[in-house]
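Trainee: sequence unknown, structure follows:
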């Protein structure tokens, strides 16, 4: 079985909209590969900045909101990013992030899988009991009493 330890998370929203990035279950956002508040172009995996309209500290703002989290939300606005990178232009926020598999989550998955396999094996191959005498308490008590209270080997 091959595990994918790295997943891409991307999003784009218009100005005054909230961008929510959500990693897959068991993953956490660990790096902001691209972030631009202004007039970025392209799509996930190939975003590019435009020199005419780009807030230079976009990556820092998004990183502080998202790193180490499974989900995060950022409002695309001048107040959040600190300044208007280009007046009289409707801006967008585009983000590309890497998320990585949480090692503890992988460990739990493997542990549960291993325990399940052990349980199935034990069910499939029951071990015989070495005890061959009576199997219930009501039959053991009369046997003990009939021997006069002496211990008997079964």
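Mentor: On my side now, so go ahead. As the structure is a computational prediction, the values presented were derived from the model and not from experiment. Numbering: from 1, shown residues only.

Trainee: per-domain residue ranges of this protein.
Mentor: Domain assignment for the chain by automatic domain parsing gives 6-102, 105-146.

Trainee: what packs against the strand ranked longest in the chain?
Mentor: The strand that spans the most residues within the chain, counting by DSSP state E, is strand 27-38. Packed against strand 27-38, as judged by 3 or more Cβ pairs under 8 Å, 6 or more residues apart in numbering; DSSP states H and E, are the following elements: helix 58-66, strand 92-101. Using the backbone N, CA and C atoms, a C-beta is placed for each residue, glycine as well.

Trainee: and for the first one, what are the contacting residues?
Mentor: Contacts of helix 58-66 from elsewhere in the structure, counted by Cβ atoms under 8 Å, 6 or more residues apart in numbering, are 21, 29, 32, 34-38, 55, 72-74, 80-82, 93, 95, 97.

Trainee: how about it: buried residues?
Mentor: Of the residues in helix 58-66, those buried by neighbour count under the rule 16 or more other Cβ atoms under 10 Å are 58-59, 61-63, 65-66.

Trainee: neighbouring strands for the helix or strand just after that helix, and are they parallel or not?
Mentor: Beyond helix 58-66 in the direction of the C-terminus, DSSP states H and E gives the next helix or strand as strand 71-75. The pairing partners recorded for strand 71-75 under DSSP bridges are strand 18-22 (antiparallel).

Trainee: pLDDT of the partner strand, averaged?
Mentor: The average of the pLDDT scores along strand 18-22 is 97.

Trainee: next, count neighbours for residue 67.
Mentor: The burial metric for residue 67, expressed as a neighbour count using other Cβ atoms under 10 Å, is 14.
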